[in-house]
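Engineer: Give the three-dimensional model of this entry:
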Amino acid sequence: MATHADHGSNDGSGQLHSGLSYALTVNSTVSFVIPAWNEEAQLPSTLDAVHGAGRAASLSFEVLVADDASTDGTADVARAHGAIVVPCNNRQIAATRNAGARASTGEILIFVDADTRPRPETVRGVVDAISNGATYGGADVEWDCKLSLISRVLLRSTLNFYRRAKLASGAFLFCTRDAFNQTGGFDESLFAAEEYYFSRALGRIGRHAWVKHRVVTSGRKLRTYSDWELLRETLRLMLRGKKGLRTRAGLDLWYGHRRPDPMD
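Structural biologist: The predicted structure is shown next:
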């Protein structure tokens, strides 16, 4: 079953009132779509944050975990925390995001990484943005650990570029159901950077919004990979271009063996 937090009242005009000026009807649903592969350690805090944010925003919502062939307890953890489990066998992030979205029912889709925790203010910002005519967008990000200087510069530069270029990062991306359907969703020929190309497709049909309230995401890759490794992978992606994204080969940051996180 979908998880709902349907607070507020209807005055007969079709508007949901919760002390907030959201132009959503009471039948509108926000769908949180979380792609996951072997995420039993991260999922509990993510799902608690998602449910808390949805309730705080006084919305009708559902939470879906697209479980991409996990070999751990991801599916059980998701169900125990009130999520709908969408089984997949893709080992591809784009296809798994699409599977979750296509199984959802909401008019607003919010894609959240399994190690990312949205705040209530972020979700409110999404609804306000769409109420004001936005079609898609993202949010600023902060990490759950201290970053090295190189990581801070690299990541902050990337986020600033995404905001100026009217894109959205993979950790937190939202769009309307209609926009998802019009674009066909994430490009399933890509094994990485799918959010970049999806954002560009969304930008051709609608307005972008950048929510100023940050989400918190895990810095596990920053803890388990050296600055040199991260910089090398970034440069490799840039040099390979889109053609190099059509295979898992060379994309160990996404598909390689997951290194033990010292914070687990």
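
Engineer: going forward, measure contacts and count neighbours with C-alpha atoms only.
Structural biologist: Will do.

Engineer: which residues in the stretch 101-250 of the chain form helices?
Structural biologist: With helices called from DSSP state H, counting those that start in this stretch, the stretch 101-250 of the chain shows them at 120-131, 149-164, 177-183, 194-203, 220-224, 227-240.

Engineer: Indicate which one of those is closest to residue 88.
Structural biologist: Closest to residue 88 of the helices of the stretch 101-250 of the chain is helix 194-203 (Cα to Cα; 17.6 Å).

Engineer: Please list all residues in contact with residue 152.
Structural biologist: Contact partners of residue 152, counting by Cα atoms under 8 Å, 6 or more residues apart in numbering, are absent.

Engineer: Please report how far it lies from residue 73.
Structural biologist: Here the criterion is Cα to Cα, to the nearest Å. By it, residue 152 lies 33 Å from residue 73.

Engineer: Next: residue 234.
Structural biologist: Distance of residue 234 to residue 73, given as Cα to Cα: 31 Å.

Engineer: do the same with residue 261
Structural biologist: 18 Å.

Engineer: Residue 246 now?
Structural biologist: If you measure residue 246 against residue 73 using Cα to Cα, the figure is 29 Å.

Engineer: Give me the nearest residue to residue 144, chain neighbours excluded.
Structural biologist: Nearest residue to residue 144 in three dimensions, chain neighbours excluded: residue 218, at 5.5 Å (Cα to Cα, 6 or more residues apart in numbering).

Engineer: Tell me the confidence at the one you found?
Structural biologist: Looking at residue 218, its pLDDT reads 84.

Engineer: distance of it from residue 187?
Structural biologist: Residue 218 is 25 Å from residue 187, by Cα to Cα.

Engineer: what do you get for residue 250?
Structural biologist: 19 Å.

Engineer: ok, the two, which is more surrounded?
Structural biologist: Comparing residue 250 with residue 187 by other Cα atoms under 10 Å, the one with more neighbours is residue 187, at 19 against 14.

Engineer: My guess is that one contacts residue 197. True?
Structural biologist: Yes - if you go by Cα atoms under 8 Å, residue 187 and residue 197 touch, sitting 7.4 Å apart.

Engineer: now the strands for the chain?
Structural biologist: 9-10, 16-17, 30-36, 61-68, 84-88, 108-112, 116-117, 136-143, 172-176, 208-217 (DSSP state E).

Engineer: With mean neighbour count and distance to residue 256 as added columns, please give these in a markdown table.
Structural biologist: As requested, these are exported to a markdown table (neighbours: other Cα atoms under 10 Å; distance: least, Cα to Cα, whole Å):
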| stretch | mean neighbour count | distance to residue 256 |
| --- | --- | --- |
| strand 9-10 | 13 | 48 |
| strand 16-17 | 22 | 45 |
| strand 30-36 | 28 | 15 |
| strand 61-68 | 28 | 15 |
| strand 84-88 | 20 | 19 |
| strand 108-112 | 26 | 21 |
| strand 116-117 | 26 | 20 |
| strand 136-143 | 24 | 22 |
| strand 172-176 | 25 | 22 |
| strand 208-217 | 21 | 20 |
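
Engineer: Considering these, which stretch scores lowest in mean pLDDT?
Structural biologist: Lowest mean pLDDT within the strands of the chain: strand 16-17, at a mean of 28.
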